[in-house]
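**Student:** Give me coordinates for this.
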Amino acid sequence: MIENVKKLALMGIGAWALTEEKINETVEELVQKGELSREEGKNLVNEMIAERRKQKEDIENKISEKVQETFEQSNIATKEDYNNLEEKIDQIQNTLEELKEKK
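**Tutor:** The predicted structure is shown next:
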């Protein structure tokens, strides 16, 4: 029975789309109907919430990787590039000031 409930909850929209509140409500209904024991319900909620969080983290990581790939392929300057250029400009300005002082 628990396996069927898990499959149903994870199927289609995925566990990440279910809110923790909705997971708790759904499992509580099953406990109230006697389809799950209190302990089974607690374990199921914990398992589903952990899976939801894992899937959310996986999706965030994939999105971050794709964004990084896109920036690398589009030749857009990164913050690191900008900071490096800023340092070089500062060095050039310092060198120019030193040369002016020597005259």
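
**Student:** separation between the residue nearest the centre of the chain and residue 32?
**Tutor:** With distances taken as CA atoms, centre = their mean, residue 60 lies nearest the centre of the chain, 2.9 Å away. According to CB to CB, to the nearest Å, residue 60 stands 34 Å off from residue 32. For glycine as for every other residue, the C-beta is placed from the backbone atoms N, C-alpha and C.

**Student:** Residue 42 too?
**Tutor:** 14 Å.

**Student:** between these two, who's got more neighbours?
**Tutor:** For residue 42 versus residue 32, neighbours defined as other CB atoms under 10 Å are more numerous around residue 42 (13 against 10).

**Student:** dump the residue contacts of the more buried one.
**Tutor:** Contact partners of residue 42, counting by CB atoms under 8 Å, 6 or more residues apart in numbering, are absent.

**Student:** any idea how far residue 75 is from residue 26?
**Tutor:** Per CB to CB, residue 26 is found 48 Å from residue 75.
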